[in-house]
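S.K.: Compute the structure for the input listed below.
(4 chains)
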Number of protein chains: 2
Amino acid sequence: MQSQVNRRSARPRPSSAVTLQQVAQDAGVSLATASRVLSDSDRNVTQELQERVLEAAARLRYVSNAPARALVQSTTSIVGLVVHDVNDAYYSAIAAGVMEVARDHKLLVMLAGTFHEPGLQVEYVARLRAQRARAVILAGSGFTGGSPALTQELDAFTAQGGRVAAVAHQGLAVDTIVPGNREGGRAVAEHLAGLGHTEIGVICGPLALVSVQDRLHGFLERAAELGVVVTEHHRVEADFTRDGGRAAAVRLFRRSPGITALFALNDAMALGALAALRDDLGRGVPSDVSVVGFDDLPVACDVTPALTTVRLPLEEIGRRALLLALGDATASPRTLDVPSRLVVRASTTPPPRVTG
Amino acid sequence: MQSQVNRRSARPRPSSAVTLQQVAQDAGVSLATASRVLSDSDRNVTQELQERVLEAAARLRYVSNAPARALVQSTTSIVGLVVHDVNDAYYSAIAAGVMEVARDHKLLVMLAGTFHEPGLQVEYVARLRAQRARAVILAGSGFTGGSPALTQELDAFTAQGGRVAAVAHQGLAVDTIVPGNREGGRAVAEHLAGLGHTEIGVICGPLALVSVQDRLHGFLERAAELGVVVTEHHRVEADFTRDGGRAAAVRLFRRSPGITALFALNDAMALGALAALRDDLGRGVPSDVSVVGFDDLPVACDVTPALTTVRLPLEEIGRRALLLALGDATASPRTLDVPSRLVVRASTTPPPRVTG
DNA sequence: AGCCGCACTGAAAGCGTTTTCCCATTGCGC
DNA sequence: GCGCAATGGGAAAACGCTTTCAGTGCGGCT
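M.R.: Predicted coordinates for the structure are as follows:
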């Protein structure tokens, strides 16, 4: 007496995707033969049948069901890319490199944004494991000391045959890309000290991040060697963003007005500092204060004055990371150093003469 | 006599992923029960067994095999995001919005970069169809007149139950977001005409793009209404990038040196134009030439002078696009207008007095 | 001429889930 | 105290594909 029409069959028929079975039928061959033609099997099929299958597949716009395929082959053509903030040029650049290699290898990229929550990072790795992703790339810098939860999750992933490449991480038993952060920090110290700066402020991102630590320590190390001491009073910690940099610059100058040079640990913060110096503090760059960034984002040469910064080949890092993860599994874990390079532009000059 | 050990079993055992079967065994229950506990089934299971299963699953670090799940449910939690260039702030911003909604709905995002090749776009949609993606978002502007191949592919995708949302496309029978491009172009015309400019140059992206057409026509239309005629001589077409904008600006000023205002059809091109005016042409902005962009990328307020531009709420567009694609299927296709807004900054002033 | 081996096709197994279907057990009303 | 509905558990089917295994027809060799 149910007045609903076809309630039973209405549920499980939402999709009308073409199956291989239909293609086979249409071509008048068996399922097996159709499969052999359409998946690049090592078995060969007569020209005649091959054409019939291809034709039928094209006519029906058949595409093979990737999940079904993944199920039987227990692998996919998916790679995961985990970043902290999608809308950050640093990650965009790395992502571009990853996408390029992915395209060449016919891989699909799953993009996961952690929104800076470490918990989400672990969750995403788990979900990528569930997807049977072939590889995962951790593009965002890790935390010093590592995270046990992440380590466990990655172990489970690799145990399952997944590959992992991490950028600027520590203590993970996976392929790792080590950007020249320390080396870059040293170059900045050398540059600023060479110009004659003795009172230098440093605007740091979260000190828990490996990249931040490396950049900072490289800088402090070399500065000390050159006789420039940067006390903790001249360092501030803030979000690794433009706004973080802006606020940090204001705080820093309120505290230590005598600073003649500013090292922001990434370009985003440097941009914020530039804005603060111009709009909030009314100081000229580089006439009053020299500013240095890190990363060499494309925007660095569009601001005024053009930003002196340390170039990291981010796209290259992305490419290399994926290639590493796609490469010889038996050689893993490997580490790959990617050098950085100081790019001097207009935002740095010798310090102004002391008045009086 | 084969000396190779276990050659047979070495091949098909690369992965040792934990299966539901193992969890069930470990918990001492049937497969069905384990499934009911771990997938949010409507059937309920005794507290006792539930705990045993949960415990076993946690102990074994079980995650369910997504492809297998997808196979039986014939749907996934994957959404595709198709952009032209990953490393373009316009798309990063849209992607950020998409990711945000995806996170809230527990969806995974597959990012596809077409590298400006229309062929790749169609291929990616096909691959997303193969993946049984729940929805696809076409973030990159479409071509005027549309593309039959793309239309067919999208038809196949929707026929299969997939949802589609497109940004700035025309003639597709899918949910579409219409950014206020025309309206933004009109606002620019009004602004520049209002300042007194009469000789205005326009730097266009590829004229085949819907966004370019809309922005351009909105501008020309309103300019004409206000008595300002922009001949074809004052328009150039180039790549929709910084470099494209730079080259275009040089070409344009070589041809028509009397131009007092420049409208670049996106911020990337405007940045290039700014660089050209400063470095190649030696003209002051805004003293000699006023410059207007489009999009209001974050960088627009970091350049000097800060760029007058049209703000498009890109993250919002990303969010809306995904929500549209996730929304009521029976209401599709729908169109959603997203307004733009002129943001006046320092790069525009009245034209310089004519000398002599 | 008969047999063997080769080259190809087709039937069927199996991948790991979810979901039906069926059975046993319990609680309830009479 | 008996039957019935309701409840919860397990066996098995199904999802769409790849791949093994068996089978069939053919040519070449003795």
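
S.K.: Quick one: low-confidence residue ranges for chain A.
M.R.: A:1-15, A:354-356 (pLDDT under 70).

S.K.: Would you map the helices across it?
M.R.: Using DSSP state H, the helices of chain A run over A:7-10, A:20-27, A:31-38, A:47-60, A:66-73, A:89-104, A:118-130, A:148-159, A:181-195, A:210-225, A:242-255, A:267-275, A:314-326.

S.K.: Out of those, which is the most enclosed?
M.R.: Comparing the helices of chain A by mean neighbour count (mean count of other C-beta atoms under 10 Å in any protein chain shown), helix A:267-275 comes out on top with a mean of 27. From N, CA and C alone the C-beta is placed, and that goes for glycine too.

S.K.: For it, name the packing helices and strands.
M.R.: Contacts defined by 3 or more C-beta pairs under 8 Å, 6 or more residues apart in numbering or on different chains; DSSP states H and E place helix A:267-275 against helix A:89-104, strand A:200-204, helix A:242-255, strand A:261-264, strand A:290-292.

S.K.: does any part of the first one sit near chain B?
M.R.: By that I understand helix A:89-104. Yes - on the criterion C-beta under 8 Å from any C-beta of the partner chain, helix A:89-104 is in touch with chain B at A:89, A:92, A:93, A:95, A:96, A:99, A:100, A:103.

S.K.: what residues does chain A put near DNA strand D?
M.R.: Counting by C-beta under 7 Å from any atom of the strand, the positions of chain A adjacent to DNA strand D are A:17, A:19-21, A:31-32, A:35-36, A:38-39, A:41, A:43, A:62, A:64-65, A:68-69, A:71-73.

S.K.: Find the nearest non-adjacent residue to residue A:140, please.
M.R.: Of all residues not flanking residue A:140 in the chain, residue A:84 sits nearest, at 4.0 Å (C-beta to C-beta, 6 or more residues apart in numbering or on different chains).

S.K.: Run a quick neighbour tally on the residue in the stretch 151-300 of chain A positioned nearest to DNA strand D.
M.R.: Closest residue of the stretch 151-300 of chain A to DNA strand D, C-beta to the nearest atom of the strand: residue A:161 (15.2 Å). Residues near residue A:161, counting by other C-beta atoms under 10 Å in any protein chain shown, number 16.

S.K.: between the helices and strands packed on helix A:267-275, which one is nearest to DNA strand C?
M.R.: Nearest of these (C-beta to the nearest atom of the strand): helix A:89-104, 25.2 Å.

S.K.: can you narrow the residues of chain A next to DNA strand D to ones near chain B?
M.R.: With respect to chain B, and counting by C-beta under 8 Å from any C-beta, the subset of the residues of chain A next to DNA strand D in contact is A:17, A:64, A:65, A:68, A:69, A:71.

S.K.: so what's the nearest residue to residue A:55 once chain neighbours are set aside up against?
M.R.: Nearest non-adjacent residue to residue A:55, counting by C-beta to C-beta, 6+ apart: residue A:27, 7.1 Å away. Contact partners of residue A:27, counting by C-beta atoms under 8 Å, 6 or more residues apart in numbering or on different chains, are A:34, A:49, A:52, A:53, A:55, A:56, A:57.

S.K.: which residue ends up closest to the midpoint of chain A in space?
M.R.: By C-alpha atoms, centre = their mean, the mean C-alpha position of chain A lies nearest to residue A:139, the distance being 3.0 Å.

S.K.: That residue reaches residue A:97, doesn't it?
M.R.: No - with contacts counted by C-beta atoms under 8 Å, residue A:139 stays clear of residue A:97, the gap being 9.7 Å.

S.K.: before we move on, the earlier item: let's have the helices of chain A in CSV, adding distance to residue A:344.
M.R.: As requested, these are exported to CSV (distance: least, C-beta to C-beta, whole Å):
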stretch, distance to residue A:344
helix A:7-10, 69
helix A:20-27, 61
helix A:31-38, 57
helix A:47-60, 57
helix A:66-73, 49
helix A:89-104, 21
helix A:118-130, 36
helix A:148-159, 38
helix A:181-195, 7
helix A:210-225, 16
helix A:242-255, 20
helix A:267-275, 14
helix A:314-326, 19
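
S.K.: Pull up the overlap in contacts between residue A:139 and residue A:97.
M.R.: Here residue A:139 and residue A:97 have A:318, A:321 as joint contacts, going by C-beta under 8 Å, 6+ apart.

S.K.: Nothing else from me, thank you.
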